[in-house]
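>>> Give me coordinates for this.
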Amino acid sequence: MKRRAAFVMVNHDGGDEVVASVRSLLADLAPQDCLILVDNGSSDGSGERAAAESVRIIYLSHPENRTYAEANNIGLKRALDEGYRYAGLINPDVRLRPGMADTLVAELERDEEAELAAVSPLILRDGDRERVWFAGGRIFFPISWTHHAGNGRPFRKLDEPPERCEFLSGCCWLSPAEVWHELGLLDPSYGMYCEDVDWSLRARQQGYRLRVVAGAVLVHQVSSSSGGGRTALKMTYRTLAGRVLFHRWTPPAARPLRALLTPPFVAFYALFLYLAEGRAPATAYLRAWRTKRKEPVPWPPSRVISETP
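Now for the predicted structure:
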C-alpha cells in the first residue's frame, strides 16, 4: 500500500482532549494515511492513552517538554523517513469535519505545476455558533502584527477564503514531502508561536503559494493547549516570538515605519487586553515587549517569565 499522508500531533499533558482529537482524526484518515503522535514530556499519561486508540498510530515520546517546533520536527522527520508523500501538522485540540484529509490531499494532487507549498483547512472556533477562526493569514509589518483573515465571521457567510494568503496556521496544514525537503522543517528558536509564519515566509520567498481550502473544515478548541484565551502565558510567548519574527523578516523599506507605528499600536493593544481580559494578560504583553529581545525565545515556560506583578 502506498503511503499517502502523515499528520503529526504533539501532546503535552493533553488529558481527555488529546484522546478526543486523536479519535476525530483517525475517523477521517484513509487506510494509507497515519497519525504520528509525539508525546512532549507529558506527566499525565495522556500520550499512552491516546496512542492505544489504534495500531495505525506511530507513537514517539521523550521526557522533556521541548519547543513546539522541536517536537513537531521529530514527527515530521519520521514521516519523511517512512516515505509518506504528504506530511503536515495538526493540533491536539481539534475536531475534523468528515472528508477534511481527503480534500486537502486532493487539492495538492491537483497542483500539477507544483506551486503550492501547503494547504490548510478552513478552521472554525468551537462553540454553539459556527464562527471562523482562520481563513488565511495576513502580515502587517508596520505595526508588527499578524492577523487571521475571516476571524469571527459566520461560517455560512464565508463562501470562499480570501485569495491572498501570507501564512498558514500551525493548527493544521499539509505539505508535499518534497517541499519539506527543500525548505527545511520548523525553526525551534521561536518557542511556541510564529514558527508557522516563519515557515510560510520561507515558502513564499521561494515562490511557493499557500492556500486555505474551503471544502476542508476543522474545528479548533481555541488555545486549550495553553490554558484557553488570552492568558498571561500566551501573551508572553506570542509577543516574544513575534519580536523575533519581525526583527528577522521586516523588509528594510518598512523598518522606519515599523519603528514609528509599532509603539502606539502596542499601547492600544495593551489597553484592549486590559479592558477585555484583565490586568494579568495586559501586563504580561507589555513586559514581553519591554524585555530585551532574546534569540532563541527562553524555553521551557517557567513562572519567572510568565508571572506578572
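
>>> what about the stretch 101-250 of the chain, any weak spots by pLDDT?
The stretch 101-250 of the chain contains residues with pLDDT under 70 at 128, 159, 223-228.

>>> what does the host helix or strand of Arg238 rub up against?
Using DSSP states H and E, Arg238 sits within helix 232-249. The contact list for helix 232-249, computed with Cβ atoms under 8 Å, 6 or more residues apart in numbering, reads 141, 144, 146, 189-195, 197-198, 201, 223, 226-227, 258, 273, 280-285, 287-289, 291, 293-298, 301, 305-308. Heads up, the C-betas are built off the backbone N, CA and C, glycines and all.

>>> if you set the cut-off to 6 Å instead, what comes out?
144, 190-194, 197, 201, 226-227, 280-281, 284-285, 288-289, 293, 295, 297, 306, 308 (Cβ atoms under 6 Å, 6 or more residues apart in numbering).

>>> Equivalent analysis for stretch 51-58, please.
Contacts for stretch 51-58 (Cβ under 6 Å, 6+ apart): Val22, Leu26, Cys34, Leu35, Ile36, Leu37, Tyr59.

>>> which among those residues end up buried?
Val22, Leu26, Cys34, Leu35, Ile36, Leu37 (16 or more other Cβ atoms under 10 Å).

>>> Buried residues, the helix or strand where Arg287 lies. List them.
Taking DSSP H and E as the criterion, Arg287 maps to helix 279-290. Across helix 279-290, burial judged by 16+ other Cβ under 10 Å covers Ala280, Pro281, Ala282, Thr283, Ala284, Tyr285, Leu286, Arg287, Ala288, Trp289.

>>> quick one: the fifth one from Tyr59, how far?
Noted for Ala284: a distance of 34 Å to Tyr59, by Cβ to Cβ, to the nearest Å.

>>> ok, back up a step: please flag which of the contacts of helix 232-249 sit within helices.
Val197, Leu201, Ala280, Pro281, Ala284, Tyr285, Ala288, Trp289, Ser306 (DSSP state H).

>>> Pro252: which of these is nearest?
Proximity of those to Pro252 (Cβ to Cβ) peaks at Leu201, which lies at 15.0 Å.

>>> Can you name the residues in contact with the helix holding Arg287?
In contact with helix 279-290 (Cβ under 6 Å, 6+ apart) are residues Arg230, Ala232, Met235, Thr236, Thr239, Leu240, Val266, Ala270, Leu273, Tyr274, Thr308.

>>> Excluding sequence neighbours, find me the nearest residue to the residue most central in space within the chain.
Centroid-nearest residue in the chain: Gly170, 1.9 Å away (criterion: Cα atoms, centre = their mean). Nearest residue to Gly170, sequence neighbours excluded (Cβ to Cβ, 6 or more residues apart in numbering): Asp196, at 3.6 Å.
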